[in-house]
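Participant: Have a look at this prediction, sequence included:
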Amino acid sequence: MNYTDLLQLEKAYGSAFFILDEKQLSKNYHRFIKAFSQYYPHINIGYSYKTNYIPSLLQQMDKLGAYAEVVSQMEYQLALKCGVQANRIIFNGPYKTSSDLSYALEHQSMLHIDNLAEMQQILEIIQTRPTHSFKVGLRCNFALDDLDSRFGLCLENGDLAHAFKTLNQQPNCQVVGLHCHYTTAKRTLASFRYRAMKMVEISQQLFQDRVPAYLNLGGGIFGTMDEQMASQFDCPIPSYEEYAQAIAPIIKQAYPDAAPELIMEPGVGLVANVVHFYSKIMYLKVIRNHHYAVCSGSIFNVKPSLHKKYLSIEHMPCAENKKEASKEYYDIVGYTCLEWDTLLEKYHGTLMAGDYIKFLNIGAYSIVFKPPFIEPAPPILSLNNEQMIVVKQAETFADIFRNYSIR
């Protein structure tokens, strides 16, 4: 993608846009599966919809063989709309309505119970359908040193064992798998090793007369990133291969015949480096020796969670500006009226109006968190076999205001 390419895209789509790299997504999936299957062959991915729900991305994950991991009715409906079979949907999350639960149960989705109130709802549903057989999973909550999670059924107070026993006592219901998910700041190998050991321990305590159909260790792993980004974390950044070596042998040792399916639910770790954001420098200004480069994007396009990490970028200068540009420290700022709308602080380089900035590795949460603040969201393009395809049109005034009543 050179500057001439960007100008052509600007003519068609405007001066700010996302580009999805489908080839990189496929590489990430295959590399992840290969890393884990070296140690434990019965491995699969449940792709986290909440991280990035671009439909073309979701359909690609389905074709590759991943489960759809959803946490809401909206995401569940999206999976079905994208052609995912209901029995390939993992339904997580702390809030599900009775209708959500009923539909997921009847269509044999991989439903994970988060709390005892949800368990009670399920009991009421299955007792009205005595001729049907239902399968469910339980989300486990056990103590971690670096996180006190509020999600799942507590191991220590007996809720987890109570739910397992109560559900299995029903003549038409069986608990078939266990799930856990923790998102910690460090995402260390030691933490994932402990999770694997703990899930095996819990599984062997609960499933005394049979083997579970699956053990799901959730997500929260790091993805691939460059050295500049990696240096901002106060811990090592493990690779897929290192995560696999920490987790999979523990499952293999406990289940040498590879009976339970090992499921991982990467979101950030799978898609962070498959989406990039391009934004044009619209003008420069100086206020009391402070240099600003105002661009056609905003902080909500590249880090809507407002994290403090210094993003990796590529400067793509306009050839006509090279001779005129002077090297300064610039704050690259957005189009909004927020003082803190800064995409990148103290960039040292030669910037001029007309240049493009490519923000790398922003595929996680940037799309789904973007609010309709000041400007509609820019389009999303997909690079597929050297062809650029629109996978999401730029939002319009009508898109944002169609549900409002305007008298």
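Facilitator: Nice, I can see it.
Participant: partner strands of the one helix or strand residue 139 maps to, parallel or antiparallel?
Facilitator: When elements are assigned from DSSP states H and E, residue 139 belongs to strand 134-141. Here strand 134-141 is paired, per DSSP bridges, with strand 110-113 (parallel), strand 153-154 (parallel), strand 173-179 (parallel).
Participant: Now find how far off-centre it is within its chain.
Facilitator: Offset of strand 134-141 from its chain centre (CA atoms, centre = their mean, to the nearest Å): 22 Å.
Participant: and it, average pLDDT?
Facilitator: Across strand 134-141, pLDDT averages out at 98.
Participant: Same question for stretch 303-310.
Facilitator: Mean per-residue pLDDT for stretch 303-310: 93.
Participant: Likewise for stretch 242-253?
Facilitator: 98.
Participant: Go through that stretch and flag the buried ones.
Facilitator: 242, 243, 244, 245, 246, 247, 248, 250, 251, 252 (16 or more other CB atoms under 10 Å). (Each C-beta comes from the backbone N, C-alpha and C, glycine too.)
Participant: Restricting the selection to alpha carbons, write the helix ranked longest in the chain to PDB.
Facilitator: Ranked by residue count and defined by DSSP state H, the top helix of the chain is helix 189-206. C-alpha atoms of helix 189-206 as PDB (Å, rounded to 0.1, in the frame of the first residue of the first chain):
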ATOM      1  CA  LEU A 189       2.500 -18.200  30.800                       C
ATOM      2  CA  ALA A 190       2.500 -19.000  34.600                       C
ATOM      3  CA  SER A 191      -1.100 -17.800  34.900                       C
ATOM      4  CA  PHE A 192      -2.300 -19.900  31.900                       C
ATOM      5  CA  ARG A 193      -0.300 -22.900  33.200                       C
ATOM      6  CA  TYR A 194      -2.100 -22.600  36.500                       C
ATOM      7  CA  ARG A 195      -5.500 -22.200  34.800                       C
ATOM      8  CA  ALA A 196      -4.900 -25.400  32.900                       C
ATOM      9  CA  MET A 197      -3.800 -27.300  36.000                       C
ATOM     10  CA  LYS A 198      -6.800 -26.000  38.000                       C
ATOM     11  CA  MET A 199      -9.300 -26.800  35.200                       C
ATOM     12  CA  VAL A 200      -7.900 -30.400  35.100                       C
ATOM     13  CA  GLU A 201      -8.200 -30.700  38.800                       C
ATOM     14  CA  ILE A 202     -11.800 -29.400  38.900                       C
ATOM     15  CA  SER A 203     -12.700 -31.700  35.900                       C
ATOM     16  CA  GLN A 204     -11.400 -34.800  37.600                       C
ATOM     17  CA  GLN A 205     -13.200 -33.900  40.800                       C
ATOM     18  CA  LEU A 206     -16.500 -33.400  39.100                       C
END
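Participant: tell me which residues of it are tucked away?
Facilitator: So, applying 16+ other CB under 10 Å, buried residues of helix 189-206: 189, 191-196, 198-200, 202-203, 206.
Participant: max-length strand in this structure?
Facilitator: strand 275-287 (DSSP state E).
Participant: buried set for that strand?
Facilitator: Applying 16+ other CB under 10 Å to strand 275-287 flags 275, 276, 277, 278, 279, 280, 281, 284 as buried.
Participant: what's near enough to touch the second one?
Facilitator: The contact partners of residue 276, by CB atoms under 8 Å, 6 or more residues apart in numbering, come to 18, 19, 21, 358, 359, 360, 361, 362, 363.
Participant: Next, check these against the strands and list the overlap.
Facilitator: Here DSSP E is the test, and those give 18, 19, 21, 358, 359 as lying in strands.
Participant: I'd like the distance between the first one and residue 107.
Facilitator: Going back to what we said before, that points to residue 18. Distance check for residue 18 against residue 107: by CB to CB, to the nearest Å, it reads 33 Å.
Participant: Got the domain ranges for this protein?
Facilitator: Per automatic domain parsing, the structural domains of the chain span 3-19+273-401, 22-272.
Participant: re the thing from before, show me which of the buried residues of stretch 242-253 is closest to residue 170.
Facilitator: residue 251 (28.2 Å; CB to CB).
Participant: quick one: which helix or strand includes that closest one?
Facilitator: helix 240-254.
Participant: Check which helices and strands that helix sits against.
Facilitator: On a contact count with 3 or more CB pairs under 8 Å, 6 or more residues apart in numbering; DSSP states H and E, helix 240-254 meets helix 22-37, helix 189-206, strand 261-264.
Participant: picking up where we left off before, the more surrounded of residue 18 and residue 107?
Facilitator: Counting neighbours by other CB atoms under 10 Å for residue 18 and for residue 107 shows that residue 18 has the greater number, 26 against 15.
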